Structure formats: C-alpha cells, structure tokens
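Chemist: Provide a 3D model corresponding to the input given below.
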Amino acid sequence: FESSDVDFFSTIGTQVSALLQSLSLRDALKRFVPFEFLDLLEKKSIQEIQTSDHVSVNMHVMFTDLRNFTLMAETIGPEAVYMVLNEYLAVMEPQIAAAGGFISQYAGDAIMALFSAKADHAVESAIHMFRALKTLNEKRLDRGEEALQIGIGINSGRLLLGAVGSKKRLDTNVVGDAANLSSRVEGMTKVYGAKVLISGSTYSQLIDPSNFTFRELDRVIVAGKTEPVLVYELLDVDSETLREQKRESAQLFAEGLHCYRTGNFQGARLLFANCLVQAPLDEAAALYISRCAKLISRPPAGVWDGTTVLFAK
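Modeler: Numbering: from 1, shown residues only. Here you go, the predicted structure:
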C-alpha cells in the first residue's frame with residue numbers, strides 16, 4: 001500500500017469505530033430510555049428532547065403489580081429481592097414488547113406499560129404475561145421457592161407524553177387520568193379476586209371483544225373521582241377449570257348484577273349463590289353475596305343504582 005492508502009484505511013477504521021461506539025451507546029441508552037417515546041415525540045435522538053416537548057395521544061395503559069412484594073422483601077432480604085425482581089421483569093418485558101407495547105417505567109415491583117395501537121394488544125399481552133408467569137413459577141417451585149402472583153389493570157384514554165425535569169436531569173413521563181385510573185383498576189383486582197381487570201373505556205375500544213372472554217363485574221366510582229367506571233374481568237387468564245365454571249355461570253352472574261342494581265337484593269343473593277355453586281372459587285360472586293346480605297339487613301337510603309364507591313386507592 002502507498003502512504004495515501006494507509007491514511008484512507010485509517011480514516012475508514014476511525015469512522016467505523018466511531019459508528020460502532022455510537023450504536024453501542026444507543027443500545028445502552030435503550031435499556032434506560034424507552035425509544036418509543038422518541039417516535040411518539042417525532043425525535044431522532046435523545047439529544048433533541050427538551051423539557052417543553054410533549055404530545056397528546058390516545059394510549060392503552062397497563063399497570064401490573066406483584067402481590068405481597070413488601071412481605072417478600074422483609075422475608076428474603078434486599079439482595080434476594082433484586083434477583084427475584086430481575087428474573088420476573090426479564091420474563092414480563094418480552095411479553096409486552098411482543099404485543100407492541102413498551103414499558104414506560106418501573107416503580108419497585110410495579111410496571112406501567114403503554115400500547116399506542118390497539119386495545120386488543122394490551123389484553124393479548126396480559127394473557128401472554130400470565131402464561132409466562134406460569135412457566136416461571138414452575139421453575140421457582142422446582143427450586144423450592146414461592147410462586148409469584150400478579151394483578152393487572154388496563155385503562156384507555158388520552159395522555160400527555162413527554163419529558164419532565166430540568167436542564168441537568170430529564171426523565172420521560174406520562175401525565176393524565178388514564179394512567180392514574182389504570183393503577184386504580186389494578187387495585188380493584190384485589191377487591192374482586194380477579195387477575196386482570198379492564199375499564200369500560202378499554203372494552204369499548206377493543207376491535208373484537210369476542211376474541212376474549214369477559215364478564216362485567218361492577219360499576220365503580222374510585223377514590224377522588226365522581227364519574228363511575230365500568231369494570232370487566234378477563235377470564236382467559238384463569239385456570240381452565242375456573243374459566244369454564246365462570247363461563248357457564250356468566251348468565252346467572254349477569255342476572256344477579258341486574259337484580260343488585262335494581263335493588264332486588266334477595267333475588268341477587270340467590271343468583272350469586274347459584275354462581276358460587278357452579279364456581280366455588282368465584283370470589284366476585286362471594287363478594288356480592290356478602291354485599292347483598294348487608295343491604296338486606298340495612299337497606300340503602302336515597303336513590304340506589306348499584307354503583308360501588310371505593311374510598312381507598
């Protein structure tokens with residue numbers, strides 16, 4: 001080679017090295033910053049994002065919570081907790097990504113994921129997450145470890161997505177009632193003994209609800225709100241036996257819900273009791289039986305429409 005050739009190849013090598021470093025940095029940043037935000041903000045690089053950048057968009061928000069995490073942390077210690085969390089999150093994230101969603105943020109054991117396309121994708125992701133969790137739990141049980149349990153809430157609505165912070169410290173974030181309500185819907189899973197609940201807003205935006213198995217559970221006013229929210233239970237994540245039992249008693253449950261909302265508590269209690277005969281592990285039916293018994297002994301004052309008011313978040 002002549003000296004000019006050596007200089008040429010040296011320059012090419014430097015440029016390739018710089019490109020590889022840039023790609024490596026981009027891959028590293030993707031682990032900390034959801035690059036989907038860049039697409040939504042129509043930015044090509046993180047360097048372009050300013051604190052004033054935001055966009056309003058309809059999103060399907062999934063909130064996932066790991067059950068009894070605080071007790072687990074106290075029992076096994078911080079180092080073991082990190083191992084559990086990392087193993088759990090490594091299993092959950094691919095199920096979200098495969099359905100077209102991305103994780104907006106982690107908050108301890110909680111996950112907030114966003115889906116910008118179809119509401120169906122968020123529901124499909126929840127189903128796959130429970131299948132993946134079953135596989136993970138089989139491994140944990142083989143190791144003599146406790147099985148993990150989760151609850152999932154999904155809500156749809158407009159959000160503001162953007163960057164918040166200062167010139168020295170920025171973070172991607174979402175702002176809006178849709179995100180807050182998804183967390184509240186997830187919290188309701190503990191009330192009704194459900195694994196996955198979706199709001200009426202998400203249900204109304206499903207392309208084809210018949211692809212899934214739902215039942216309407218309640219009409220709820222959550223803490224801090226005045227407007228009621230319809231809540232639906234996704235039965236596809238239940239065990240095969242329980243799912244079939246709930247499916248077979250679905251008509252009885254719907255009739256019981258109608259009687260409950262019209263103030264016929266005796267009739268509602270009987271119908272929900274029949275549901276419990278068909279599905280002994282139906283916690284929602286058991287909850288309504290308890291509610292009916294209290295309302296029979298102490299009838300509600302004023303106008304009654306069966307709306308549940310939850311005072312706790």
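Chemist: Which strands or helices does the helix or strand harbouring residue 139 pack on?
Modeler: Taking DSSP states H and E as the criterion, the element that holds residue 139 is helix 119-142. Here helix 119-142 touches strand 54-66, helix 78-98, strand 101-107, strand 110-115, strand 150-165, strand 196-199, helix 200-204, strand 229-234, going by 3 or more C-beta pairs under 8 Å, 6 or more residues apart in numbering; DSSP states H and E. The way it works is simple: take the backbone N, C-alpha and C, and place the C-beta from them, glycine included.
Chemist: got a list of what the closest residue in space to residue 284 that isn't next to it in sequence touches?
Modeler: The spatial neighbour of residue 284 that comes closest, neighbours along the chain excluded (C-beta to C-beta, 6 or more residues apart in numbering), is residue 192 at 4.6 Å. By C-beta atoms under 8 Å, 6 or more residues apart in numbering, the residues touching residue 192 are 217, 218, 231, 233, 283, 284, 287.
Chemist: how does it look with 10 Å?
Modeler: Contact analysis of residue 192 by C-beta atoms under 10 Å, 6 or more residues apart in numbering lists 217-218, 220, 231, 233, 282-288, 308.
Chemist: if we can go back for a sec, which one of the helices and strands packed on helix 119-142 is the most hemmed in?
Modeler: Highest mean neighbour count of these: strand 196-199, a mean of 28 (counted as mean count of other C-beta atoms under 10 Å).
Chemist: strands paired with that strand, and their directions?
Modeler: Strand 196-199 has its sheet partners listed here by DSSP bridges as strand 150-165 (parallel), strand 229-234 (antiparallel).
Chemist: rewinding a little: nearest approach to residue 121 belongs to which of the helices and strands packed on helix 119-142?
Modeler: In terms of C-beta to C-beta, the element of the helices and strands packed on helix 119-142 nearest to residue 121 is strand 110-115, at 4.9 Å.
Chemist: That closest one pairs with which strands?
Modeler: Under the criterion DSSP bridges, strand 110-115 sits next to strand 54-66 (antiparallel), strand 101-107 (antiparallel) in its sheet.
Chemist: closest to residue 157 out of those strands?
Modeler: Nearest to residue 157, of all the strands paired with strand 110-115, is strand 54-66, at 6.8 Å by C-beta to C-beta.
Chemist: tell me the angle whichever helix or strand comes after that closest one makes with helix 78-98.
Modeler: Proceeding N to C from strand 54-66, the next assigned helix or strand is helix 69-76, under DSSP H and E. With axes from the mean of the first three to the mean of the last three C-alpha atoms, to 10 degrees as the basis, helix 69-76 and helix 78-98 are set at 140 degrees to each other.
Chemist: Quick one: the helices and strands packed on helix 119-142 as JSON lines, columns for mean pLDDT and distance to residue 185 too.
Modeler: Converted to JSON lines, these look like this (pLDDT from 0 to 100; distance: least, C-beta to C-beta, whole Å):
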{"stretch": "strand 54-66", "mean pLDDT": "84", "distance to residue 185": "7"}
{"stretch": "helix 78-98", "mean pLDDT": "88", "distance to residue 185": "17"}
{"stretch": "strand 101-107", "mean pLDDT": "82", "distance to residue 185": "16"}
{"stretch": "strand 110-115", "mean pLDDT": "90", "distance to residue 185": "12"}
{"stretch": "strand 150-165", "mean pLDDT": "83", "distance to residue 185": "3"}
{"stretch": "strand 196-199", "mean pLDDT": "97", "distance to residue 185": "5"}
{"stretch": "helix 200-204", "mean pLDDT": "96", "distance to residue 185": "9"}
{"stretch": "strand 229-234", "mean pLDDT": "97", "distance to residue 185": "7"}
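Chemist: Please name whichever of those is nearest to residue 269.
Modeler: Between residue 269 and these, the tightest spacing by C-beta to C-beta is seen for strand 229-234, at 19.9 Å.
Chemist: so how far is the very next helix or strand once past the closest one off the chain centroid?
Modeler: Downstream of strand 229-234, the first helix or strand assigned by DSSP H and E is helix 240-248. How far helix 240-248 lies from its chain's middle: 23 Å, per C-alpha atoms, centre = their mean, to the nearest Å.
Chemist: Does whichever helix or strand comes after helix 240-248 pack against any helices or strands, and if so which?
Modeler: The helix or strand immediately downstream of helix 240-248 is helix 250-261, counting by DSSP H and E. The helices and strands touching helix 250-261, judged by 3 or more C-beta pairs under 10 Å, 6 or more residues apart in numbering; DSSP states H and E, are strand 214-221, helix 265-278, helix 283-297.
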